[in-house]
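Undergrad: Output the structure for:
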Amino acid sequence: MVLALDAAAQRAGLRVGMPAAKAQALRDAEPAADAEALDRLALWALQRYAPVAAADAPDGLVIDTTGTAHLHGGEDALVKGMVDQLAASGVAARAAIADSWGAAHAFARYVARPTLVVPAGDSVKAVLDLPIASLRLPKNMVEELRVLGFERIAELAAKPRAPLALRFGPELGRRLDQAMGCLSEPINPVRPSALIEVRRVFAEPIGAPETIARTTGKLVAQLCEMLEAKGLGARRLDLLFHRVDNRIEAIRIGTALPVRDVKRLTRLLCDKIETVDPGFGIEIMRLAATLAEPLAPKQTISSLTEEPEADVSSLIDTLANRVGEQRLYRFAPVASDVPERSVQRIAPAAPNIGEAWQDHWPRPARLLPTPEPIETVALLPDHPPVSFIWRGVRRRVKCADGPERVFGEWWKRDVELIAVRDYFRIEDEAGERFWIYRAGDGEDAATGTHRWFLHGIFG
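TA: Model (predicted):
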């Protein structure tokens with residue numbers, strides 16, 4: 001029987017619930033290949049998004065993003081980035097974040113277009129409006145419930161459980177409780193065969209932060225020994241806590257550069273211990289280097305050599321794990337004469353890209369994100385203005401220098417074929433200096449609108 005379809009299969013005439021023999025006459029199925037591809041996607045999600053990820057057969061992934069969403073700029077940015085990354089690889093996907101696996105499973109398939117983030121605590125109420133088919137029940141059970149007049153989850157939730165369990169068995173109540181978050185549903189995370197991992201099993205469950213921190217230090221020391229033996233350094237570490245109630249708590253940290261410094265990695269992990277809920281106790285702790293890269297030994301600096309460069313990677317790691325990797329960046333030059341295109345954001349520890357900013361014309365210390373229009377009074381169309389109004393304040397120009405002509409990049413857009421800008425550095429009577437430009441050459445209307453804009457402020 002057909003369980004799941006992509007857009008191509010639907011166009012070919014396949015339908016969910018269609019007998020496999022009939023479906024194969026229209027389109028050959030490869031269940032083993034599909035399962036293998038789903039496992040590869042789960043490994044991709046493990047390395048990129050969260051330490052707890054698994055295949056949700058036949059057509060989904062389940063990911064526990066607790067404690068990791070802030071590293072990607074928040075839950076909305078996380079699911080949007082995930083769907084965009086899959087789309088770039090030719091995989092159409094929808095994603096949802098909710099309070100429980102069952103609720104997220106239902107929202108992703110019946111509500112998300114293509115993403116949805118249900119606020120914490122709202123999943124129980126929101127799931128009531130979904131159809132009963134979203135409960136992951138067998139198809140024949142769904143059909144029987146519809147014959148009895150049930151269409152929405154709210155209608156099932158309002159009925160006594162005993163008669164329903166007597167007729168349909170315990171699965172109906174179990175799926176209801178899982179969707180509403182009343183019943184936990186453990187995730188068995190995928191683990192690649194080549195994963196570098198250490199673990200500690202406790203004879204008695206632990207829960208004190210001091211004990212967790214002490215064990216974390218021991219696990220980090222063991223892991224660093226394994227990394228050193230392989231000539232690797234950790235770029236991403238996952239610390240998993242298996243609780244006695246079959247739930248998994250997790251901590252994820254990342255580093256800007258490969259690291260195997262025991263003290264540094266222990267400090268980064270221990271900074272997040274307060275986010276872990278030990279519940280009734282932790283029986284297993286597992287530490288894995290989800291992402292590792294080659295790290296060559298460093299030569300010890302002697303007094304006869306030059307002083308080493310300042311290493312700020314430790315500060316970068318601390319800030320990135322607190323505020324998120326996406327919010328930490330530095331600027332790098334881009335080979336472009338158009339000012340707003342001459343800069344890009346890169347990772348703080350990324351290597352230099354080989355470009356350099358031009359220095360034959362001064363540039364303002366502050367470049368506005370978008371040029372702001374100004375009203376000007378000019379003696380001649382191609383001369384700098386004698387006064388201008390910006391944000392409601394009239395400023396009289398004391399002196400000006402320019403123009404610096406910037407041409408459009410015709411290879412990017414046709415409208416820039418003859419477009420030009422004339423930039424001027426001006427100073428007003430109060431001593432403030434601005435960077436303004438006229439869109440056009442002052443004569444030919446085809447080169448621009450001839451309107452004036454303020455683009456930057458000199459320090």
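Undergrad: where's the nearest residue to Leu183 once chain neighbours are set aside relative to Ala54, distance?
TA: Once flanking residues are discounted, Leu183 sits nearest to Asp177: 3.7 Å by C-beta to C-beta, 6 or more residues apart in numbering. Backbone N, C-alpha and C define where each C-beta goes, glycine included. As judged by C-beta to C-beta, to the nearest Å, Asp177 and Ala54 stand 20 Å apart.
Undergrad: Ok, Thr449 next?
TA: Distance from Thr449 to Ala54, by C-beta to C-beta: 56 Å.
Undergrad: Neighbour count for the two, which is higher?
TA: More crowded of Thr449 and Ala54, by other C-beta atoms under 10 Å: Ala54, with 22 against 12.
Undergrad: thinking again about what came up before, buried ones in the helix or strand containing the residue nearest to Leu183?
TA: Element membership for Asp177, per DSSP states H and E: helix 170-179. Going by neighbour count (16 or more other C-beta atoms under 10 Å), the buried part of helix 170-179 is Leu172, Gly173, Arg174, Arg175, Leu176, Asp177, Gln178, Ala179.
Undergrad: And the contacts of stretch 66-74?
TA: 49-51, 75, 78, 81, 97, 249-252, 254, 272, 275, 320-321, 323-327 (C-beta atoms under 8 Å, 6 or more residues apart in numbering).
Undergrad: whoops, I mixed them up, stretch 384-404
TA: Here stretch 384-404 has contacts from 361, 372, 374-379, 382, 422-430, 432, 434, 436, 438, 452, 454, using C-beta under 8 Å, 6+ apart.
Undergrad: Buried ones among those?
TA: If we count by 16+ other C-beta under 10 Å, those have these buried: 374, 376, 378, 422-428, 434, 436, 438, 452, 454.
Undergrad: How about the contacts made by Leu195?
TA: Counting by C-beta under 8 Å, 6+ apart, Leu195 has contacts Ala288, Ala289, Thr290.
Undergrad: please redo it, this time with the cut-off set to 10 Å
TA: Counting by C-beta atoms under 10 Å, 6 or more residues apart in numbering, Leu195 touches Leu43, Leu46, Gln47, Asp238, Arg286, Ala288, Ala289, Thr290, Ala292.
Undergrad: With Thr216 instead?
TA: Neighbours of Thr216 in contact, by C-beta under 10 Å, 6+ apart: Arg200, Leu239, Ile251, Leu265, Thr266, Arg267, Leu269, Cys270, Lys272, Ile273, Met285, Leu287.
Undergrad: Who wins on neighbours among those?
TA: Result: Leu265 is most packed of those (other C-beta under 10 Å), 27 neighbours.
Undergrad: how far is the helix or strand containing it from where the chain is centred?
TA: Per DSSP H and E: Leu265 is located in helix 262-270. Relative to the centre of its chain, helix 262-270 is centred 24 Å away, using C-alpha atoms, centre = their mean, to the nearest Å.
Undergrad: before we move on, what about stretch 83-93?
TA: 14 Å.
Undergrad: next one: stretch 104-111
TA: Centroid displacement of stretch 104-111 relative to its chain, using C-alpha atoms, centre = their mean, is 20 Å.
Undergrad: C-alpha coordinates for it, PDB please?
TA: C-alpha atoms of stretch 104-111 as PDB (Å, rounded to 0.1, in the frame of the first residue of the first chain):
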ATOM      1  CA  ALA A 104       4.600  18.700  15.400                       C
ATOM      2  CA  HIS A 105       4.000  15.600  13.200                       C
ATOM      3  CA  ALA A 106       0.400  16.700  12.700                       C
ATOM      4  CA  PHE A 107       1.100  20.400  12.100                       C
ATOM      5  CA  ALA A 108       3.900  19.700   9.600                       C
ATOM      6  CA  ARG A 109       1.600  17.600   7.400                       C
ATOM      7  CA  TYR A 110      -1.700  19.400   7.800                       C
ATOM      8  CA  VAL A 111      -1.000  23.100   8.600                       C
END
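Undergrad: In contact with the closest residue to Leu219 other than its chain neighbours: list those residues for me.
TA: Of all residues not flanking Leu219 in the chain, Leu287 sits nearest, at 4.2 Å (C-beta to C-beta, 6+ apart). Counting by C-beta under 10 Å, 6+ apart, Leu287 touches 196-200, 215-216, 218-220, 222-223, 234, 237-240, 251, 265, 269.
Undergrad: What number of residues are in the vicinity of the residue nearest to Ser184 when sequence neighbours are not counted?
TA: Spatial nearest neighbour of Ser184, excluding adjacent residues (C-beta to C-beta, 6+ apart): Arg247 at 5.8 Å. Arg247 has 16 neighbours, counted by other C-beta under 10 Å.
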